[in-house]
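Peer 1: quick one: sequence and predicted model below, then my questions.
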Amino acid sequence: MTRIAFLKPDGSLDCEVDAPEGANLLDVAQAAGQPLEGTCDKSISCSTCHVILSPEDFAAQPPASEEEEDLLDLAYDVRRTSRLACQLTVKGTTMSVRMPG
Ligand code: FES
């Protein structure tokens, strides 16, 4: 199990949940009530699942595909550790996932 801290755009804690390793991060975030629409159903054609990872979690994930990079270019509040949650799997003991704002 991985303990995931979901943070508000200002960096304060919104909630913490436990999720199994390998679960899709967008599914977990939506189940935890996070404001990620995920309108393209994980087909990498929207950016409504954009999240900002901690530097450690960002480094632990496989690199983004070219399609994901292109979409992130269009997202708001993009940071160096931005990713699309629908392309990420839960891994590690803890994760810290901030909503853009
Ligand atoms: S749900 Fe559309 S890109 Fe992730």
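Peer 2: That came in fine, so what should we check first?
Peer 1: quick one, phi/psi of residue 4?
Peer 2: Note on residue 4: backbone dihedrals following degrees, to the nearest 10 are phi -110, psi 130.
Peer 1: next: residue 40.
Peer 2: Dihedral angles (degrees, to the nearest 10) for residue 40: phi -100, psi 10.
Peer 1: surely it and residue 67 touch.
Peer 2: No: using Cβ atoms under 8 Å, residue 40 makes no contact with residue 67, being 11.1 Å away. Yep, even glycine has a C-beta here, placed from its N, CA and C like the rest.
Peer 1: mind listing what's buried along whichever strand or helix holds residue 18?
Peer 2: Per DSSP states H and E, residue 18 falls inside strand 13-19. Residues of strand 13-19 classed as buried: 14, 17, 19 (neighbour count, 16 or more other Cβ atoms under 10 Å).
Peer 1: the residue nearest to the spatial centre of the chain and residue 15, how far apart?
Peer 2: By Cα atoms, centre = their mean, the chain has its centre lying nearest to residue 85, at 3.5 Å. Distance, residue 85 to residue 15, using Cβ to Cβ, to the nearest Å: 15 Å.
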